[in-house]
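In: One predicted model, sequence on top.
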Amino acid sequence: MVDATPRMDEGIPPAEVPELELYHPRSWWTTYVFSQDAKVIAIQYGGTAMAIGLVALVLSWLMRLQLGFPGTFDFITPDAYYQFITMHGMIMVIYLLTALFLGGFGNYLIPLMVGARDMVFPYVNMLSYWIYLLAVLVLVASFFAPGGPTGAGWTLYPPQAILSGTPGGQSWGIILMLVSLILFIIGFTMGGLNYVVTVIQGRTRGMTLMRMPLTVWGIFTATVMALLAFPALFVACVMMLFDRLLGTSFFMPALVEMGEQLSYGGGSPILFQHLFWFFGHPEVYIVALPAFGIVSDLISTHARKNIFGYRMMVWAIVIIGALSFIVWAHHMYVSGMHPWFGFFFATTTLIIAVPTAIKVYNWVLTLWRGDIHLTIPMLFALAFIVTFVNGGLTGLFLGNVVVDVPLSDTMFVVAHFHMVMGVAPILVIFGALYHWYPKITGRMLDERLGQFHFWVTFVGAYAIFFPMHYVGLVGVPRRYVETGESAFIPPSVQDLNAFITIAALIVGFAQMVFLFNLFWSLRYGKDAGGNPWHATSLEWQTPTTPPPHGNWGDERPVVYRWAYDYSVPGAPQDFIPQNDPWPQKAPMRTV
Amino acid sequence: MSVILVFILVVVGFSFWWLLQHRVLSKPWLEHGVHTALPETDLSGMPTAKIGLGIFLAVVGALFALFASAYFMRMEYSDWQAPPLPRILWLNTAILFLASVALHCAVRAVREQRLETTRLALVTGGLATLVFLAGQLTAWRDLSADGHFLDANPANGFFYLLTGVHGLHILGGLVALGLTTARAWDKTVAPERLRLGVELCASYWHFLLIVWLGVFILLAGWAGDFIAFCRQLLL
């Protein structure tokens, strides 16, 4: 135990680092629309991400309808199907998950959790959102452009991405896609600078790095990774745009298309794959790390127990972040690599499972003998652990070259990544929304609707993706609009596909119930009070709920302890807020 | 991908060093109470804007490291034909160096509160940078006049792409430099504010000079020679 003798005579010295000057909005427009307040920006990010996510949800219905009942829907042509899968994947990964975790939760939670009044560069933060919105609008515009959106698959592999055989390849689709991604990256970089520098420089007094809640650690590390990984996508997009518009041959080899020799020659499609996956693999963890952090806080709060192995949790987040930059080529086992490379990348892939497994053990050990409250956020957190373990285990199959080669490009891969980076992070997003909605709005989300939403989503997601593993093991390839008559595909696969489609429709419907709950509870939800979950972290200790611009009233809070003092023996309550000096009294402030 | 991996290694190394400075080995669950609650605040005394710029430069560095990685990977193919290096690039390099020196002088002047010299140095730096950009455009014109068009060969594509992206970063910097220069004439601006702006501009310029030297070495083909030389040493 570190010496904690009270020194009442000394008092708290004035802050060494002066406070940042807070921007004061003057009109309705600058308060709610062109706002520089991180919380408003967070809600803007979240709303936009969910709106575009709905589009992706509908697209997934359409492609499932085609797979479940092939030939029934005339308007789903092969071209349209490719466009659906491409846009579904791209929207979900980039414009929904990345934007919602970092732009949404990052903006809302970082300043509140570290005790700052706002992000350090509020103006840049505002620009970040508007550029993101522009990127989304460009993306949406591609649906209405002649030729429709690109159908190149979310990986946009050249050469097919810019050939005339691919939907959008020689029309506007691919151009708008690339421009939208470039805009997204520029906007994200602006926001990302804010999140990182706010954590480095915006913390209130007493908030050392090791007293930050794991949510902040997760978002912080993910943002650092994203800042380093997104340039790879940027480079790939710019070079492909050059290939498409200016006739360069960075990625385009010599090709004969429809009996015609194209002007390209000598480019390397593998180069694109390296660049894409150098971004693409860290991207998995950019989405996963904030989820890891948030779920740690949810579990600790709702099990009324301190997080098990806090230091290990922090180190695991940082180590996963670093390791994720040297595993990218495990997405390219079948693109013709030197066997030693395959060996190297399989090894690093398995090594990264170690810190990840540490995290899973720590979550489970936090639950062990905890006072588990089965609230909706807790249900989602528990569901996340199960789903993540499930998806992670199939990752061990795919991480090994010899197992991956036959499974590559089958529905098994689709099932794997939907479990591990689709369903799992989305479950955390839901849990987090149920958890922080009371702070954002001052009202609780409806409990019964939440129960319905949780059970349908959780069981339904398993009904969708668990059978898909078996479909993949049989050898059904992904990305095929229909499989037709194949000797190796038994009729039972078709029945399973129909079942999956029906499950997908039901799960989608449950999300509508959730959206209804979001709006309904805004008005009719139970009054939440300032700290409905009796949580310790700073965002629950704001003087008013929802927190106003500037967050903290006259004085920023002073932090006396880490964020996980739950069920401390002898304490008056089963939680001690971070700004509570118990067992001592708060010293005087000397000015 | 070796260039970007080395870059990431440097960033990761720095991050780990920084984390160790911030007591990531401590045990927060054992520390509470008023006395330990207020550790000498571990925020850095450095202005926030400088930290922000530092991180932004790391992102720009990653961008160029990735371009260099792509360049090296593409270079291995047999059809690679580097365009001749336009002579004017040597002059441009000297001019960009001059701009960097001018901004360095501006920093020294603004620290010593010599306003006249600061203004002169800022304007010199800005003008030299404009001349640099004009020189880059001339290099483009020379190349295309000799038939080395963008789409003729991947090496040409990389030439225009790398110089173009670097030029765009310079242009963005010129906007900031313009604002800072205007501030040097504005009597209402506090000296510390001006000093911070000048220091930020100078750091950005030094960084872009280093990036340009890297791009120049790459385009001149010395990097390939250097790697071949290293391989000979190893084998």
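Out: Sure thing, it's come through.
In: Just name the shakiest helix or strand of chain B by mean pLDDT.
Out: None of the helices or strands of chain B scores lower by mean pLDDT, DSSP states H and E than helix B:34-37, at a mean of 52.
In: quick check: mean pLDDT across the next helix-or-strand element following that helix?
Out: Next helix or strand after helix B:34-37 toward the C-terminus (DSSP states H and E): helix B:48-75. Per-residue pLDDT over helix B:48-75 has a mean of 94.
In: how about helix B:48-75: buried residues?
Out: B:48-53, B:55-75 (16 or more other CB atoms under 10 Å in any protein chain shown). For the C-beta atoms, the positions are set from N, CA and C on the backbone; glycine is no exception.
In: among those, which are within reach of chain A?
Out: By CB under 8 Å from any CB of the partner chain, the members of the buried residues of helix B:48-75 lying near chain A are B:48, B:51-52, B:55-56, B:58-59, B:62-63, B:66-67, B:69-70, B:73-74.
In: And those residues, which two are furthest apart?
Out: Pairwise distances across those (CB to CB) peak at 39.4 Å, for the pair B:48 and B:74.
In: for stretch A:104-120, how far is the first residue from the last?
Out: In terms of CA to CA, to the nearest Å, the two terminal residues of stretch A:104-120 are separated by 16 Å.
In: Which residue is the nearest non-sequential neighbour of residue 61?
Out: The chain I'm using is chain A. Among residues not flanking residue A:61 along the chain, residue A:508 sits closest, at 5.7 Å (CB to CB, 6 or more residues apart in numbering or on different chains).
In: Not quite, go with chain B.
Out: Of all residues not flanking residue B:61 in the chain, residue B:7 sits nearest, at 6.2 Å (CB to CB, 6+ apart).
In: angle of whichever strand or helix holds the one you found against helix B:48-75?
Out: Taking DSSP H and E as the definition, residue B:7 sits inside helix B:2-21. Counting by axes from the mean of the first three to the mean of the last three CA atoms, to 10 degrees, helix B:2-21 lies at 150 degrees to helix B:48-75.
In: Give the other helices and strands that helix B:2-21 contacts.
Out: The contact analysis (3 or more CB pairs under 8 Å, 6 or more residues apart in numbering or on different chains; DSSP states H and E) places helix B:2-21 against helix A:214-246, helix A:310-323, helix B:48-75.
In: Give the burial count for the closest residue to residue A:319 other than its chain neighbours, as a bare number.
Out: Using CB to CB, 6+ apart and skipping residues adjacent in sequence, the residue nearest residue A:319 is residue A:355, 4.8 Å away. Residues lying near residue A:355 (other CB atoms under 10 Å in any protein chain shown) number 19.
In: cool, residue A:77 as well?
Out: Using other CB under 10 Å, residue A:77 is surrounded by 13 other residues.
In: Dihedrals phi and psi, it?
Out: Dihedral angles of residue A:77 (phi, psi; degrees, to the nearest 10) stand at phi -80, psi 170.
In: How about the contacts made by it?
Out: Neighbour list for residue A:77: empty [criterion: CB atoms under 8 Å, 6 or more residues apart in numbering or on different chains].
In: just how off-centre is stretch B:84-103 within its chain?
Out: Mean-position distance between stretch B:84-103 and its chain equals 14 Å (CA atoms, centre = their mean, to the nearest Å).
In: likewise stretch A:461-472?
Out: Mean-position distance between stretch A:461-472 and its chain equals 22 Å (CA atoms, centre = their mean).
In: pLDDT of that stretch, averaged?
Out: Rounded mean pLDDT across stretch A:461-472 is 95.
In: tell me which residues in that stretch are buried?
Out: Within stretch A:461-472, the residues that count as buried by 16+ other CB under 10 Å are A:461-465, A:467-469, A:471-472.
In: what number of residues lie near residue B:225?
Out: By the criterion of other CB under 10 Å, residue B:225 has 11 neighbours.
In: Determine the set of other helices and strands touching the helix or strand harbouring it.
Out: Residue B:225 belongs to helix B:222-234 when assigned by DSSP H and E. Packing partners of helix B:222-234 (3+ CB pairs under 8 Å, 6+ apart): helix B:48-75.
In: after the helix it packs on comes which helix or strand?
Out: Later in the chain than helix B:48-75, the nearest helix or strand by DSSP H and E is helix B:88-111.
In: gap between that next one and the chain center?
Out: Remark: helix B:88-111 is offset 13 Å from the chain centroid, using CA atoms, centre = their mean.
In: In terms of secondary structure, what does it contact?
Out: Helix B:88-111 packs on helix B:115-145, helix B:191-220, going by 3+ CB pairs under 8 Å, 6+ apart.
In: CA atoms of that helix as CSV?
Out: Extracted in CSV, the C-alpha atoms of helix B:88-111 (Å, rounded to 0.1, in the frame of the first residue of the first chain):
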residue,chain,number,x,y,z
ILE,B,88,16.2,21.7,-61.8
LEU,B,89,15.5,19.4,-58.9
TRP,B,90,18.9,20.2,-57.5
LEU,B,91,18.1,23.9,-57.6
ASN,B,92,14.7,23.2,-56.0
THR,B,93,16.3,21.3,-53.2
ALA,B,94,18.6,24.2,-52.5
ILE,B,95,15.7,26.6,-52.5
LEU,B,96,13.6,24.5,-50.1
PHE,B,97,16.6,24.3,-47.9
LEU,B,98,16.9,28.1,-48.0
ALA,B,99,13.2,28.3,-47.0
SER,B,100,13.8,26.0,-44.0
VAL,B,101,16.8,28.1,-43.0
ALA,B,102,14.8,31.3,-43.2
LEU,B,103,12.1,29.9,-41.0
HIS,B,104,14.8,28.8,-38.5
CYS,B,105,16.0,32.4,-38.5
ALA,B,106,12.4,33.5,-37.9
VAL,B,107,12.2,31.2,-34.9
ARG,B,108,15.4,32.7,-33.4
ALA,B,109,14.3,36.2,-34.2
VAL,B,110,10.8,35.8,-32.6
ARG,B,111,12.4,34.3,-29.5
